[in-house]
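A.B. asks: give me the fold of what follows.
(one chain, ligands or ions: 1)
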Amino acid sequence: MKIGIVTGIPGVGKTTVLSKVSEILKENKVRFKIMNYGDYMLNSALQGQYVSNRDEMRKLPLSTQRELQLIAAKKIVEESITLGEEGIAFVDTHAIIKTPSGYLPGLPRHIVEILSPRVIFLLESDPQNIINRQSKDRERIRSDYNDINVISETMDFARYAAVASAVLVGASVKVVNNREGDPSIAAKEIISSMS
Ligand code: AP5
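C.D. replies: Residues are numbered from 1 along each chain as shown. Predicted coordinates:
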């Protein structure tokens, strides 16, 4: 089974692009699974009554975030094993998380070694487009990312973090532009990079 990790800052369009990936792979009868890391963390966080929504997770004490991060990685690998040798697992997550205590790597050594990805994707867009997209998702609370300078800085840190993680497991790092109005272009690029 091959694992592709799709990272990108909140609102860049990871989930949207991965739903296009899903459409294309279904049409081509490829065995695949798309797993949202935040969903796995949120399940445990809700069970532990640490948060009431996903945007509160990045404000939890770092030790709690790390604990949730580890549980999620183990569950994701456990569930993707069912795909068999030819299957592809895509993990929707973050190379870096902006927390009140600083930038937390989304894929530190013990996590990236568990996931062992073939490719780490950095989904990017123009920062102003990201702000516009965030404003469409009214039920989300991303005010800590709603500033062009913060977005640009986070994108820089995400690149450094993605390369650092990739070095540990020999993965490649691919920057993919999520072009305004057509997420399927990015989806096709992600699929072709997994071969
Ligand atoms: P997560 O669930 O990943 O939250 P997020 O980053 O906010 O991601 P979303 O899925 O909400 O946004 P998106 O980038 O997928 O954009 P979307 O497709 O919705 O993570 C939640 C939390 O989990 C994190 O904050 C963190 O605390 C924790 N976490 C996760 N991974 C972790 C890890 N490894 N370690 C530690 N903690 C971790 O699109 C947004 C909008 O844009 C939509 O309206 C969409 O229609 C629009 N749009 C998308 N693409 C386009 C396009 N090409 N043109 C025009 N509009 C577009």
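
A.B. asks: residues touching Asn178, list them.
C.D. replies: Residues in contact with Asn178 (C-beta atoms under 8 Å, 6 or more residues apart in numbering) are Gly8, Val12, Gly13, Thr16, Val17, Leu123, Glu124, Ser125, Ala186. Where C-beta positions appear, they are placed from N, C-alpha and C, glycine not excepted.

A.B. asks: the third one against Gln134, yeah?
C.D. replies: If I follow you right, that is Gly13. No: using C-beta atoms under 8 Å, Gly13 makes no contact with Gln134, being 10.3 Å away.

A.B. asks: could you check the pLDDT of Met41?
C.D. replies: The model reports Met41 with a pLDDT of 98.

A.B. asks: quick check, it in a helix?
C.D. replies: Yes: assessed with DSSP: H, G, I helix; E, B strand; the rest coil, Met41 lies in a helix.

A.B. asks: elements contacting the lowest-mean-pLDDT helix or strand in the chain?
C.D. replies: Ranked by mean pLDDT, DSSP states H and E, the weakest helix or strand in the chain is helix 127-136, scoring a mean of 91. If you count contacts as 3 or more C-beta pairs under 8 Å, 6 or more residues apart in numbering; DSSP states H and E, helix 127-136 packs onto helix 148-169.

A.B. asks: tell me what angle the helix it packs on forms with helix 127-136.
C.D. replies: Put simply, helix 148-169 runs at 100 degrees to helix 127-136, going by axes from the mean of the first three to the mean of the last three C-alpha atoms, to 10 degrees.

A.B. asks: so which residues make contact with helix 148-169?
C.D. replies: Outside helix 148-169, the residues within contact range by C-beta under 8 Å, 6+ apart are 7-9, 94-96, 98, 103, 105-109, 112-113, 116-117, 120, 122, 124, 127-128, 130-131, 144-145, 171-173, 175.

A.B. asks: return the members of those classed as buried.
C.D. replies: Taking 16 or more other C-beta atoms under 10 Å as the criterion, what is buried in the contacts of helix 148-169 is 7-9, 94-96, 98, 103, 105-108, 112, 117, 120, 122, 124, 127, 130-131, 145, 171, 173.

A.B. asks: ok, and of the residues you listed, which contact the ligand?
C.D. replies: Filtering those for neighbours of the ligand using C-beta under 6 Å from any ligand atom leaves Gly8, His94, Gly106.

A.B. asks: which of the residues you listed lies closest to the ligand?
C.D. replies: For these, the closest approach to the ligand (C-beta to the nearest ligand atom) belongs to Gly106, at 3.2 Å.

A.B. asks: doesn't Lys98 make contact with the closest one?
C.D. replies: No: counting by C-beta under 8 Å, Gly106 sits too far from Lys98 to count as a contact (10.7 Å).

A.B. asks: now the helices: where do they sit in this protein?
C.D. replies: Taking DSSP state H to define them, one finds helices in the chain at 14-27, 37-47, 62-80, 109-115, 127-136, 148-169, 183-193.

A.B. asks: next, see if the first one gets close to the ligand.
C.D. replies: Think helix 14-27. Yes: applying C-beta under 6 Å from any ligand atom, one finds that helix 14-27 is in contact with the ligand at Lys14, Thr15, Thr16.
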